[in-house]
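Asks: Build me a model from this:
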Amino acid sequence: MRYVAAYLLGAQSGKNPSKEDIKKILGSVGIECDDKRAEQVVSQMAGKKADDVIASGLTKLASVPAGGAAAAAAPAAAAAPAAAKEEKKPEPEPESEDDDMGFGLFD
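Replies: The predicted structure follows:
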C-alpha cells in the first residue's frame, strides 16, 4: 500500500512517477524501498492515469455490500456482555486468625 501511496503522491506532479521517484518519496520518510514492489506498481500503472484508476476503483467499491455484515455482528456482540454478567466471581474467603501463623502485627 505504501508503494501505491508514494506513486499517487508522485502523480500529483502531473507526470507518471518512476521507480526512482517512489524510492525517493519513501526514503524521505525513512522507509526502505523494495525495488521489485516499486517496479510492479510502475509497470501496472504504465499508460494509465491515476485519476482514471481511482474512479474505476470507486465504482467497484460501490458495488460491495457492506450493510449485512455489520447488522449480523451486532446481536452477537450484544450477547457477549450478557454472558459475562451471568458468570459470578468466586467470593474471597474471609481471613482466619491462623493465616498470620499466630503472629499479629500489633500483638
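
Asks: what's in contact with stretch 50-68?
Replies: Residues outside stretch 50-68 that contact it (C-beta atoms under 8 Å, 6 or more residues apart in numbering): Y7, L8, A11, M45. Any C-beta I mention is one placed from the backbone N, CA and C, and that applies to glycine too.

Asks: Could you report the pLDDT at A70?
Replies: On pLDDT, A70 comes in at 53.

Asks: Name the helix or strand for R37, please.
Replies: Following DSSP states H and E, one finds R37 within helix 35-44.

Asks: What's the mean pLDDT across the next helix or strand after that helix?
Replies: Using DSSP H and E, the next helix or strand after helix 35-44 towards the C-terminus is helix 50-62. The average pLDDT within helix 50-62 is 87.

Asks: same check, this time on stretch 18-30
Replies: 93.

Asks: So which of the contacts of stretch 50-68 wins on neighbours?
Replies: Ranked by neighbour count (other C-beta atoms under 10 Å), those have Y7 at the top, with 23 neighbours.

Asks: angle of the helix or strand harbouring that residue against helix 35-44?
Replies: Using DSSP H and E, Y7 falls within helix 2-11. Calculated by axes from the mean of the first three to the mean of the last three C-alpha atoms, to 10 degrees, helix 2-11 forms an angle of 50 degrees with helix 35-44.

Asks: Which residues does the helix holding R37 contact?
Replies: Y3, V4, A6, Y7, N16, P17, S18, K19, I22, K23, L26.

Asks: Now V4: closest residue in space that isn't a chain neighbour?
Replies: In space, and not counting its chain neighbours, V4 is closest to V41: 5.9 Å by C-beta to C-beta, 6 or more residues apart in numbering.
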